[in-house]
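[1] Need the 3D shape of this:
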Amino acid sequence: MALPSLSTVLSVCILDNDGQRIWAKYYNDRFPTVAEQRTFEKKLYNKTHRSANEIILLDSVTVVYRSNIDLHFYVMGSMDENEIMLHGLLSSVYECVSRLVGKNAVEKKAVLECMDGLQLIVDESVDGGVILESDPDMLMQRLNFRQTEEISIGGMTDKTVMNALNKLSMMI
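    Here you go, the predicted model:
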């Protein structure tokens, strides 16, 4: 019998409708090279893109997933991991991404535009494979806090400078 472990997540990834990686983060050496990661992702996509299920066991990896319009969200853990915990993380990340894109649908273009927010959401959720937070409200609160910590340059924030440049370009 294996000893209990906090490390529950092997990977979080998002693939498009062609099975191409939009974003991925791996937390251990199960797939040490990018080539092995992409091979597994392609195999995973081929098994799941037409399926209505939410969970699959593939190559001794437990995968929970969710598809939406032109994206496929995946959270992977070892064969012995708790599927409910993995699904909770998946739901939380998806909910946060949905809030992040706002009125737009959760689709490839919208997710690509807010990639920095996605990275922060996953970083706040998982650290080294250990699930730290799976409450979407808390994650969004942390994300909003981090986004308001802007670097001040001469009394002006980056956002203020960008707004001024945008107004100038509109006046010209």
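[2] Where do the helices of this protein begin and end?
    34-48, 83-101, 108-113, 115-125, 136-148, 158-171 (DSSP state H).
[3] and the ones you listed as TSV, adding mean pLDDT and mean neighbour count?
    Just so you know, the C-beta spots here come from the backbone N, C-alpha and C atoms, and that holds for glycine as well. Formatted as TSV, those follow (pLDDT from 0 to 100; neighbours: other C-beta atoms under 10 Å):
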stretch	mean pLDDT	mean neighbour count
helix 34-48	93	16
helix 83-101	91	19
helix 108-113	89	15
helix 115-125	90	18
helix 136-148	77	15
helix 158-171	66	10
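[4] and of the ones you listed, who's closest to Val9?
    helix 83-101 (6.8 Å; C-beta to C-beta).
[5] Angles on the backbone of Arg50, please.
    phi -110, psi 0 (degrees, to the nearest 10).
[6] For it, give its distance to Asn17.
    Applying C-beta to C-beta, to the nearest Å, the value for Arg50 to Asn17 is 11 Å.
[7] Looking at the two, which is more packed in?
    Asn17 (14 against 7; other C-beta atoms under 10 Å).
[8] related to what we said a few turns ago, mind putting the helices of the chain into JSON lines with distance to Tyr27?
    Formatted as JSON lines, these follow (distance: least, C-beta to C-beta, whole Å):
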{"stretch": "helix 34-48", "distance to Tyr27": "12"}
{"stretch": "helix 83-101", "distance to Tyr27": "12"}
{"stretch": "helix 108-113", "distance to Tyr27": "21"}
{"stretch": "helix 115-125", "distance to Tyr27": "10"}
{"stretch": "helix 136-148", "distance to Tyr27": "18"}
{"stretch": "helix 158-171", "distance to Tyr27": "31"}
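[9] who wins for proximity to Asn68 among those?
    Per C-beta to C-beta, nearest to Asn68 of these: helix 83-101, 7.7 Å.
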